[in-house]
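**Student:** Below are the sequence and a predicted model; questions follow.
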Amino acid sequence: MINKLVANIKKTGAPIVVGLDPMLNYIPEQVQKKAFAEYGETLEGAAEAIWQFNKAIVDNTYDLIPAVKPQIAMYEQFGIPGMQAFKKTVDYCKEKGLVVIGDIKRGDIGSTSAAYAVGHLGKVAVGSKSYAAFDEDFATVNPYLGSDGVNPFLDVCKEEKKGIFVLVKTSNPSSGEFQDQKIDGRPLYELVGEKVAAWGTEAMGDEYSYVGAVVGATYPEMGKVLRKIMPKAYILVPGYGAQGGKGKDLVHFFNEDGLGAIVNSSRGIIAAYKQEKYAKFGAENFADASRAAVEDMVADIKGALG
Ligand SMILES: O=C(O)c1cc(=O)[nH]c(=O)n1[C@@H]1O[C@H](COP(=O)(O)O)[C@@H](O)[C@H]1O
């Protein structure tokens, strides 16, 4: 799938991924009311609202973007109906030709990570049959438990030609509490970056490895260092827009070929209509506002790359 991600980025000329992180308070009244009229003010009603919201945004932006990143937490909060909306979103986006990055941040002891990897990227055995349960193209992975928590994901990636993005330097304010701690004079995140590069050598696509990294747009200097440490890793860059990241900060996350990084924006795109800049669209045209925000984000990043 790393080859498909790179091909989609080359085709669209947009190294960006739209984060589908729906919260009910982003969803315009008319969408909520229609869902609640059908399912009541229930978890099912909420799940229908987030599904319809996602679908409208995907329908209005899929031709401009290479990928989407549904954040599973926003679906989990609505329980089983929310998870069904997650699955409907994954399937629909794949039908539209988009690469789907499941932002699940899973990581556990080996046997447990194996179940996560199978459930999200692989196929689970049921008697003589096997099923792809969620079937995303990529998943985000938390490496806090070390190699035996990541290896089961690598095994499934090699088997299924799927990918992972390993948390290396996260965008949040307190990421440095652990990630910046020095070991033999070097910050932990650099050591994790070296492991990502090493894991990646076992799972290479045409130009980049199946093992990518997550590096926050909020830490541009660290992104510059990590780009050099992991030349063949695709870097998923969250933190653009709502968290303050800007195109000009992100030049060094990319390789000279203009590839190597894909920048995420969730709230900045899906709730664009709430921003002053896109207020002219109004809530009823929220998906048009999202399209305009995607166009502006692509222009910002491509402008910075020159
Ligand atoms: O793995 C992620 O995508 C992730 C890592 C990280 O360091 N920071 C981060 O914000 N994210 C995710 O990226 C998205 C950012 O959302 P916005 O701030 O609304 O663009 C959320 O889904 C976060 O969970």
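**Tutor:** Structure received. Numbering: from 1, shown residues only.

**Student:** can you pull the pLDDT of the residue of the stretch 1-150 of the chain at minimum distance from the ligand?
**Tutor:** Of all residues in the stretch 1-150 of the chain, Gln71 sits closest to the ligand, at 3.5 Å by CB to the nearest ligand atom. The way it works is simple: take the backbone N, C-alpha and C, and place the C-beta from them, glycine included. Predicted confidence (pLDDT) for Gln71: 98.

**Student:** count of neighbours near it?
**Tutor:** Residue crowding around Gln71 was assessed by other CB atoms under 10 Å; the count is 21.

**Student:** Looks like it contacts Ser266 (just checking).
**Tutor:** Yes - contact between Gln71 and Ser266 holds when scored by CB atoms under 8 Å: they sit 6.7 Å apart.

**Student:** need the contact list for the spatially most central residue of the chain.
**Tutor:** Geometric centre of the chain, nearest residue: Lys69, 3.4 Å, by CA atoms, centre = their mean. The contact partners of Lys69, by CB atoms under 8 Å, 6 or more residues apart in numbering, come to 17-20, 100-103, 236, 264, 266.

**Student:** between Gln71 and Ser266, what contacts are shared?
**Tutor:** The contact lists of Gln71 and Ser266 share 19-21, where a contact means CB under 8 Å, 6+ apart.

**Student:** near the ligand, which of these show up?
**Tutor:** The residues of the shared contacts of Gln71 and Ser266 that also fall near the ligand, by CB under 6 Å from any ligand atom, are 19, 21.

**Student:** neighbour-wise, which of the shared contacts of Gln71 and Ser266 leads?
**Tutor:** Counting neighbours by other CB under 10 Å, the top entry in the shared contacts of Gln71 and Ser266 is Leu20, with 26 neighbours.

**Student:** Now the phi/psi pair for that residue, please.
**Tutor:** phi -90, psi 80 (degrees, to the nearest 10).

**Student:** Can you list phi and psi of the residue of the stretch 1-150 of the chain closest to the ligand for me?
**Tutor:** According to degrees, to the nearest 10, Gln71 has phi -90, psi 110.

**Student:** wait, what's in contact with it?
**Tutor:** Gln71 sits next to 19-21, 103, 266 when contact means CB under 8 Å, 6+ apart.

**Student:** on that earlier part again, ok, the nearest residue to the residue nearest to the centre of the chain once chain neighbours are set aside to Met230 distance?
**Tutor:** Sequence neighbours aside, Ile101 is the residue nearest to Lys69 in space, at 4.2 Å (criterion: CB to CB, 6 or more residues apart in numbering). Distance, Ile101 to Met230, by CB to CB, to the nearest Å: 17 Å.

**Student:** One more: Ile262?
**Tutor:** Ile262 is 14 Å from Met230, by CB to CB.

**Student:** which stretches of this structure form helices?
**Tutor:** For the chain, the helices defined by DSSP state H occupy 2-12, 29-39, 43-61, 72-76, 79-95, 110-120, 147-160, 176-179, 188-201, 220-229, 267-270, 286-305.

**Student:** Pull the residues that contact stretch 229-237.
**Tutor:** 2, 5-6, 17, 69, 101, 140, 163, 165, 168, 190, 193-194, 196-197, 200-201, 204, 207-209, 211-217, 223, 226-227, 245, 250, 253, 255, 260-264.
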